[in-house]
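Participant: Take this sequence and fold it.
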Amino acid sequence: MKKYTSFVQLCLIGLILVTAFFFNGCSVFSSIGSSISLGYENMVSYFNGYYNATNLFSEAEDEINTAALAARGKEPASTQPIQIPGTAKQKLGQVIDKCSNILAFHPTSSLVDNALLLIGKSFYYQADYLKAERKFAELLAQFPNSALALEAQIWYARSTEKLGKLEEGVRLSQAAGTTAQAIGDRDSETQAHLLLGILYRRMNPTEKSIAEYEKAVSISRDDDVRGNAQISMGDIFFEDKQYKKEEEVYLRTADN
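Facilitator: Numbers count the residues shown, from 1 in each chain. Below is the predicted model of the structure:
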């Protein structure tokens, strides 16, 4: 009899639990569903934000490069702010906003270093070189082993050049060039030598500047990059009244 009573009690308890779950289950599943839905929406928003930021930056950079080609021939080592189209400036502002949201709401995500780099580049193009320098320094401090570290170091050096920190710019550029050479990154090595050419030109040892541009020409496989480096060399020879060498360099440029 006791076994039968216990069995009945267990059945009653089970029935009560099932009934309770039936009446409350909708709210339980609703809560779980809402959490999953919210997480999914946040993830989609996160990736869409970064994807949109990269597209906006690419569009803005294309506009800036097009404008730079139109103004070709101006002093490459000028400390004057980069003149960028209004539409590009607006897009860069959107990039900064979207990437700042990633840093604020997803501080442990795998895209934090990417976001920092895009913000730094955007500030650089907006001629806010101090903020740019800080973002590149932040990336290098937090993610020294990031795949973006070398690129960030070169942009960091560019920012220091714009801020007039020429000796620091030389140190950073030389370090970046050494790293790039060690890992076989020809593009980054070329950029480091081009930047050293600009830095030495501002510091007046023109022989060193010419030597760095020559290295960039010998390393790069990009005809446009090689051509621009040779034009910079020609400008230096013109300023030094070495017209024969200037002519030779420009002829080499025409042959490329």
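
Participant: Give me the residues contacting stretch 161-170.
Facilitator: If you take CB atoms under 8 Å, 6 or more residues apart in numbering as the criterion, stretch 161-170 is touched by 77, 79, 124, 127, 129-130, 133, 157-158, 160, 195-196, 198-200, 202-203. The way it works is simple: take the backbone N, C-alpha and C, and place the C-beta from them, glycine included.

Participant: buried residues in it?
Facilitator: 161-162, 165-166, 168-170 (16 or more other CB atoms under 10 Å).

Participant: now do stretch 88-100
Facilitator: Buried residues in stretch 88-100 (16+ other CB under 10 Å): 88-89, 91-92, 95-96, 98-99.

Participant: How about stretch 49-61?
Facilitator: Within stretch 49-61, judged by 16+ other CB under 10 Å, the buried ones are 49-50, 53-54, 56-57, 60-61.

Participant: how near is Ala137 to Ala157?
Facilitator: Using CB to CB, to the nearest Å, Ala137 is found at 11 Å from Ala157.

Participant: Pick out whichever of those two has more residues nearby.
Facilitator: Ala157 (29 against 17; other CB atoms under 10 Å).

Participant: Downstream of the helix or strand hosting the more buried one, the next helix or strand is which one?
Facilitator: Element membership for Ala157, per DSSP states H and E: helix 149-162. Sequence order places helix 166-183 as the next helix or strand after helix 149-162, per DSSP H and E.

Participant: Asp235: neighbouring residues, count only.
Facilitator: Counted with other CB under 10 Å, residues neighbouring Asp235 total 19.

Participant: can you check Phe47 too?
Facilitator: With other CB under 10 Å as criterion, Phe47 counts 13.

Participant: do the same with Lys208
Facilitator: Lys208, neighbours per other CB under 10 Å, totals 16.

Participant: Can you tell me, leaving aside adjacent residues, what's nearest to it?
Facilitator: Tyr200 (4.1 Å; CB to CB, 6 or more residues apart in numbering).

Participant: Now the helix or strand containing that neighbour: buried residues?
Facilitator: Tyr200 belongs to helix 186-203 when elements are defined using DSSP H and E. Applying a neighbour-count criterion of 16+ other CB under 10 Å, one finds 188-202 buried in helix 186-203.

Participant: right, and out of these, which lies closest to Ala147?
Facilitator: Using CB to CB, Ser188 comes nearest to Ala147 of these, at 11.8 Å.

Participant: Show me the shaky parts of this protein.
Facilitator: Applying pLDDT under 70 to the chain picks out residues 1-46, 72-82, 253-256.

Participant: which residues in it form helices?
Facilitator: 2-70, 86-105, 112-125, 129-142, 149-162, 166-183, 186-203, 206-219, 223-239, 243-255 (DSSP state H).

Participant: now the last one and helix 223-239, what's the angle there?
Facilitator: Just to be clear, that refers to helix 243-255. 170 degrees (axes from the mean of the first three to the mean of the last three CA atoms, to 10 degrees).

Participant: Give me the helices and strands touching helix 243-255, please.
Facilitator: helix 223-239 (3 or more CB pairs under 8 Å, 6 or more residues apart in numbering; DSSP states H and E).

Participant: List the contacts of stretch 48-57.
Facilitator: By CB under 8 Å, 6+ apart, stretch 48-57 touches 91-92, 94-95, 98-99, 101-102, 111, 114-115, 118, 121-122.
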